[in-house]
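Asks: the sequence and its predicted three-dimensional model are supplied below.
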Amino acid sequence: MADLITYREAVAAGIAQEMRRDETVVCLGEDIGAAEGVFKTAAGLFTEFGPERVWDTPISEQAIVGAAMGAAMTGLRPVAEIMFSDFLACCWDYVANEIPKMRYMTGGQVTVPLVVRTANGGGLGFGAQHSQAVENWPFAVPGLKIAAPSTPADMVGLMAAAIRSDDPVLVFEHKSLFASKGDPPPSGDHVVPLGAAEVRRPGGDVTLVALASTVPTAMAAAEQLAADGVDAEVIDLRCLIPLDARTVLGSVARTSRLVIVEENPYQGGWGGTVASIVAEEAFYDLDAPIRRVASACVPLPFAANLEQAVVPTADRVATTVREVMDA
Amino acid sequence: MTVVAEEPKVEELLELYERMALIRATEKAAFDLFMAGLVKGTTHLANGQEAVAVGASAALEPDDYVFATYRGHHHAIARGASPEACLAELMSRATGLCGAKGGSMHLTVADHNMLGSYAIVGAHLPIACGAAWSAKLRGTSQVAVAFFGDGATNIGAFHEALNLAAVWKLPVLFVCENNLYMEYTSIKTVTAVAQPAAGRAPAYQLPAEVIDGNDVVAVQRAVAAAAARARAGDGPTVIEALTYRHHGHSRTDPGKYRPQEEVDAWLKRDPLLVLAERLRDRGVDQPAIDAADTRAREQVAAAVEAAKAAPPPDEATAFTDVWADGGAQWRT
């Protein structure tokens, strides 16, 4: 059995795998060079690939993502880091207006093969401007692909797929998962295709759909529920776009119950789209109303106990599932 | 292209004139077609600003990158787009430059490395930095040119781009078309420095030059010198070309906020008139100049007819080209 690796190590491992394979892959971002990233997610990259391929930038999110876009349009495959996902708001023009529309508006003349990777979500006590789960922001923008891995091996494989993609991909790295450990990726080039969900725990009574940080939350809830005799299936979406609706619908056809677990606020969250697909296409498979366990519609508070009151927890998920089972 | 030291040859000047005349005629056609209801949405005409696009293009290599603004018809044509493809795009025809999915504000000619017209003011300056960075990393001698208006100089992206270009010593040229008005408001009334682009360059220790943007030869010289500097590894340059748009900001703007004497003075300095005078000084007779005008008008008239005759885009194309596989499917 190979040694376990951390989720944060997997970020750099995934990038390094692709930088070794393809010399057009370059990295840029704040403090990613000799400092190796504020979360140490770029560890080893500067040492191995040097300042010609790993570029420190000023604190200039528009310049980082804008330059990545220009480089992607002209022959490189840039991997841009936006330190905290909250700061996507500082370069939102590029994320929402420029990058995703270029291919479409030019009638297919120009592609933008870039990756924007960013640390997302709560769990580390950074307060409301450094802790939001914002994967629902780009989810509303046609033209972007969105990956949010929950395990180290998936981080490597999805990062590889994101870098190899000819379309722009946002990779959300969840802050609460950075220290978590998991199996290393299989040897050789490990690539997890974008848009393929994974059944983390098979079960026959209820489907739990989760993403990134809410995968371990859903898994913990499933263990609680198993003690009660409820057999929950846990689906790790892994990507929001492409969205693997087929796996979700197939699971619901077997379990007839659906609970969606998302960290972004309920208001405008991606779970609403998953719920609407299931309601439209699998209504008659359902034996109970679809439920969503999302964050409350408040900014993320600082104190750990307050934060826990806002985000989905295993207890809240288990409680919701019990309500669904009784419905 | 090396630095233009001497006066260009007469034949070269005539070519520049005819290229500007072609743009002028295309813009007039765009205006007429809009008034006839055949162009929807809006247009931002560049009548009066042709010298910037044509002079710069004459100084660039075919594989250099060009990034323009929503007022970008002149840059698309200067870089090789046909009037027919541009007008067809404005008229929502299948034969349009971008298959009628871009429109007036988003003309792009990737085959000629004219990598887009950007309708969010100032957004393309960091993108041009990225293209220049890419050229530098790939070891080519390409430069990237971002054309932008005076209004863009008060956007954060302008400052982020200039700083990044300076610290990374990128082969990028920032060419401001200062036509004195942002949209409806005089740039000087909302800007803390007199020269909105060139006046900011020293803060980033970048070389800057203010030039006569209605003199195509002055533009060609300045851009050639800046491009040579960039290719030599000496980094970016800011060029502020003083020019004037003959029309208002867009089709809904009659431009009444501009003093008539100011308009009249600039109309006398129309870049086509300026170059015609230079040609006459160089011994070219008026019929030769008129012939260039006539050829341009005839080419555009044929382009208008061809664009009018072209079919609308197939509705199915609304659902293509979101993704690199050509499609738009976001879920399974």
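Replies: On my side now, so go ahead.
Asks: do a quick rundown of the strands in the chain.
Replies: All of this is about chain A. In chain A, the segments counted as strands under DSSP state E are A:5-6, A:25-29, A:54-56, A:77-84, A:115-120, A:145-147, A:169-174, A:181-182, A:198-201, A:206-210, A:232-236, A:239-241, A:258-265, A:291-295.
Asks: meant chain B actually
Replies: Taking DSSP E as the criterion, chain B contains strands spanning B:65-69, B:114-118, B:144-149, B:172-178, B:208-212, B:237-242.
Asks: out of these, flag the one nearest residue A:34.
Replies: Ranking these by proximity to residue A:34 (C-beta to C-beta) places strand B:172-178 first, at 25.7 Å. C-beta coordinates here come from the backbone N, C-alpha and C atoms, glycine included.
Asks: is the closest one anywhere near chain A?
Replies: No. Figure legend: strand B:172-178 not in contact with chain A (C-beta under 8 Å from any C-beta of the partner chain); closest approach 9.2 Å.
Asks: what about the residue of the stretch 151-300 of chain B found nearest chain A, distance to residue B:89?
Replies: Of all residues in the stretch 151-300 of chain B, residue B:160 sits closest to chain A, at 3.8 Å by C-beta to the nearest C-beta. Distance from residue B:160 to residue B:89, counting by C-beta to C-beta, to the nearest Å: 31 Å.
Asks: can you list the strands of chain A in TSV and add distance to residue B:42 and mean neighbour count?
Replies: Converted to TSV, these look like this (distance: least, C-beta to C-beta, whole Å; neighbours: other C-beta atoms under 10 Å in any protein chain shown):
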stretch	distance to residue B:42	mean neighbour count
strand A:5-6	53	18
strand A:25-29	35	24
strand A:54-56	38	20
strand A:77-84	33	25
strand A:115-120	31	27
strand A:145-147	32	27
strand A:169-174	31	26
strand A:181-182	53	16
strand A:198-201	48	16
strand A:206-210	43	29
strand A:232-236	46	26
strand A:239-241	31	25
strand A:258-265	36	27
strand A:291-295	40	22
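Asks: tell me who's in contact with the closest residue to residue A:242 other than its chain neighbours.
Replies: Distances taken as C-beta to C-beta, 6 or more residues apart in numbering or on different chains put residue A:195 closest to residue A:242, at 3.0 Å, once the chain neighbours are dropped. Residues counted as contacts of residue A:195 (C-beta atoms under 8 Å, 6 or more residues apart in numbering or on different chains) are A:145, A:239, A:241-244, B:332.
Asks: mind running it again at 6 Å?
Replies: By C-beta atoms under 6 Å, 6 or more residues apart in numbering or on different chains, the residues touching residue A:195 are A:239, A:242, A:244.
Asks: ok, back up a step: how about the strands of chain A in CSV, adding mean pLDDT and distance to chain B?
Replies: Listed next are the strands of chain A as CSV, based on pLDDT from 0 to 100; distance: least, C-beta to the nearest C-beta, whole Å:
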stretch, mean pLDDT, distance to chain B
strand A:5-6, 98, 30
strand A:25-29, 98, 7
strand A:54-56, 98, 8
strand A:77-84, 98, 8
strand A:115-120, 98, 13
strand A:145-147, 98, 8
strand A:169-174, 98, 11
strand A:181-182, 97, 26
strand A:198-201, 98, 14
strand A:206-210, 98, 13
strand A:232-236, 98, 13
strand A:239-241, 98, 5
strand A:258-265, 98, 15
strand A:291-295, 98, 18
